[in-house]
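Trainee: give me coordinates for this.
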Amino acid sequence: MQNQSIYKILLLISIVAFFAACDKDFNEIGLDVIGDDHFGLIKDDSQTVLAYNTATGQVETSNLPVNSLGYYNNPFFGKTKASVVSQVLLDTVNQTIGANPTVTKVELSLPYFSHLISKDDTTGDSTYELDSIQGFSIANDKKVFNKIKLSVYENNYTLRDLDAAQNFLDIQKYYSGETAVFDTYKNPVRLNDDSNLAQNDEFTYSAAEIKTYKTVDGAQVVDTRSVPGMRLKLRNNFFQDKLFGTGAAGKFFNNSIFKDYFRGLYFKAEASSASPNQGSMSLLNFKQGKIIVTYTITVTSSAGVVSTKERKFAISLGGNSVNLLENEYNSGYTSGLTSNNNATTGAYNLFPKGGEGSMAIIKLFGDVDVKRVNANGVLYTYTNPSTGLVEGNGVPDDLDLLRNPIDGKKLLVNEANLTFYIDKDKMTGAAEPNRIYLYDLNNHRPIVDYYLDYSVTSNSKNNKFVHGGIIEKDAATSAYNKRGIKYKVRLTNHIMNLISKDSTNVRLGLVVTESIGVASNAKLLNSISVANPFNKYPSAAVFNPLGTVLFGNNIPATDPNYAKRLKLEIYYTKPN
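Mentor: All right, here's what the predicted structure looks like:
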C-alpha cells in the first residue's frame, strides 16, 4: 500500500511537471510566468541604475553555428549586406572517378529553417513557413520575401585552422570586416550564372516544398519531396575543369589535400536592382549545404560494347567559414550611440544591435560611494585624515543600505526584475529581435539566474523563460502586425547574492540573442575602451542581425516617456 501511495505521488508530480513544461505564447501582452501581482510584498524601484551604450566594432565571425546571408535595410539602424565564405569537403575521399568523366549537372542545395504548417492528404503536398528571415511583405496573410542579388564564386583565399602569427598554437580567427580580402582573392567567374534571374540577380527565399519528378507509365509523378531550401544551378564547365581536369590529379586522396586545392565558395549578397531599397536576410546553417555533381563515364563491356553510365560526386559545405558584414548605418543610430554613451549619467536610449553592432553596459546601484559600514552594520561617512577626502568602501551606497537597513531588519528578496521598454517610435516598421540577453560583463558569463533556470518549451529559443528576456507584444489581430512593448529579465538570485552574500557588484552587458542556449563568446577585433576594457562579445549576438531601441535610465521627469525609464524593481519582505 505504501509503495502504491508513493507511486501515485510520483505520477502526480510528473503530470504537473509535464504541463508546466508545455510551450506558451510569450508574445501576448500581460502574459507572465510568475505574474504581476505581488500581494503582501514591498516594492522598491528607487535604486539607481546606470545604462549606456558602446559600439562593438568588428566581431569574430569564424565558424558560427549559423550565418546571415542577404541584404536588409532596417528602417532605424540602416543597411547591412551579409555574405558567407565556406570551405568544401569531399563526402567520399579517394573515390574512383571512371573513364572520360563529363559533367552534366551541378546543383547546390541548402535547407532553410522552416516549420510545417499543413499537409494535403490527397496530393501529399506540404505547406511550410520560413523562420529566421527578415525583409518581406504580407500578401493573403503570407510572407513574400524581397529579392536580393546573390553571386557564388570560387574562393581562393586559404581559411587556415591555426594562426600563423601565434606560431600555429591558437585557432585562426576571422572578422566581420574582411570583405575586401575575400573580394580580392575570389575567382571572378560567377558560378550561378543561369539565365533564370531567380538563381542570381533576383534571388528570392521561397517557402515552397521542393519536389523532383520521374516518369511512370508515360506520366510525370513526384519522386522526392524536400523541405524548403536554396537550389542553385552551378556552372558545369567550372566543375568539369576543377574536378576532372589535369590539375585535379591526386587531389581527392583526403580532405586536407582537397580543401587546399579547392578552397571553398564565396556567397556574396548585394541589393537587387529589382528591390534596391529593401532586400531580405536569412539565417542559414551552411554546414547542411551540399553540392551534387552529376557526370557520365564511358564503360566498355566484356564484349567490347561502349556505353555511358551516370554517377554522382558529392561535396559538402564543411570546414571553416566566415560571415562578412558590410554596414551602412543611418545617422539616427550612429548619432544616438554617440550621445547615449555617458557612463556617469546613463542614457536616454539603449541600442543593443547584433552582428557588427552595439551593446548596453549596465551598472546596478550606480557609482555613488561615499559611505562605509562600521562593525555594528551602521553606515557612516569616512574622511581620510591624511588627504581630507571622503572615501567609500568600494560598494555603492545604495547597495550598502540594502545590505545594512537603517531599521536593522534584513531584506528577504522575493523577486527582482529589469524591465526594458521598447521605443516604439524609433522601431516603427523595423523587425524586432525575439530576445535580449543580460550577462556578467566582468567575467563574460551568464548571471546566476541563467544557470538556475531549467524551464523548457517546444521552441528552444524560449527556454529559460523564467529568467526571461523574451519580447512581449501587443494584441494586434494579425501575428505579422504585432509590435513589441517590452522585455523583462529576472535577476532575483543575482540581487539576493548581492544583498545577502556580499557578491561582487559586476557590470552587466545587454545584447540581443539568437539562441539563449549559446553562452559562448566571440572575440572583438579591438577592445572596448571604457573603464575596465573588454574584448569579448556573446556569440549568439554576433549571428543575430537584428537590433532594438530601448528606453534607458536617463529620462527627465517631464518627458512623456518617463514612466518607461529603466528601473530595477525589487520585491521583498522583512521579518516582523
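
Trainee: in the stretch 351-500 of the chain, what spans have low per-residue confidence?
Mentor: Of all residues in the stretch 351-500 of the chain, those with pLDDT under 70 make up the ranges 477.

Trainee: which residue ranges of it form helices?
Mentor: 397-403, 448-452, 492-500 (DSSP state H, counting those that start in this stretch).

Trainee: could I get those as JSON lines with mean neighbour count and distance to residue 231?
Mentor: The way it works is simple: take the backbone N, C-alpha and C, and place the C-beta from them, glycine included. As requested, these are exported to JSON lines (neighbours: other Cβ atoms under 10 Å; distance: least, Cβ to Cβ, whole Å):
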{"stretch": "helix 397-403", "mean neighbour count": "19", "distance to residue 231": "58"}
{"stretch": "helix 448-452", "mean neighbour count": "18", "distance to residue 231": "40"}
{"stretch": "helix 492-500", "mean neighbour count": "21", "distance to residue 231": "48"}
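
Trainee: looking at these, which is nearest to residue 67?
Mentor: helix 448-452 (25.1 Å; Cβ to Cβ).

Trainee: what does the closest one rub up against?
Mentor: Defining contact as Cβ atoms under 8 Å, 6 or more residues apart in numbering, one finds that helix 448-452 is touched by 439, 464, 467, 490-494, 497, 519.

Trainee: from those, which is closest to residue 532?
Mentor: residue 439 (14.9 Å).

Trainee: which residues does the closest one contact?
Mentor: 445-447, 450, 508-509, 511, 519, 538.

Trainee: taking those residues, tell me the two that lie furthest apart.
Mentor: Going by Cβ to Cβ, the pair spanning the contacts of residue 439 furthest: 508 and 519, at 14.3 Å.

Trainee: show me which of these two is the more surrounded one.
Mentor: residue 508 (22 against 17; other Cβ atoms under 10 Å).

Trainee: isn't the more buried one right up against residue 437?
Mentor: No - Residue 508 is beyond contact range of residue 437, at 10.3 Å (criterion: Cβ atoms under 8 Å).

Trainee: strands of the stretch 451-576 of the chain, start to end?
Mentor: Remark: strands assigned in the stretch 451-576 of the chain by DSSP state E, counting those that start in this stretch are 468-473, 484-490, 508-512, 521-528, 534-538, 550-551, 567-573.

Trainee: kindly report the same for the stretch 51-200 of the chain.
Mentor: Taking DSSP E, counting those that start in this stretch as the test, the strands found in the stretch 51-200 of the chain are 67-74, 78-86, 89-90, 99-111, 114-119, 126-130, 133-134, 136-139, 142-145, 148-154.

Trainee: what sits up against the last one?
Mentor: It refers to strand 148-154. With contact meaning Cβ under 8 Å, 6+ apart, strand 148-154 is reached by 69-71, 108, 186-192, 200-204, 232, 234, 238, 242, 262-273, 275, 279-280.

Trainee: which of those residues are buried, as a PyMOL select command?
Mentor: Here is the PyMOL command that picks out the buried ones among these, judged by 16 or more other Cβ atoms under 10 Å:
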select buried, resi 69+70+71+108+186+190+191+192+200+201+202+203+204+232+234+238+242+262+263+264+265+266+267+268+269+270+271+272+275+279+280
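
Trainee: among the strands of the stretch 451-576 of the chain, which comes closest to residue 48?
Mentor: strand 567-573 (8.3 Å).
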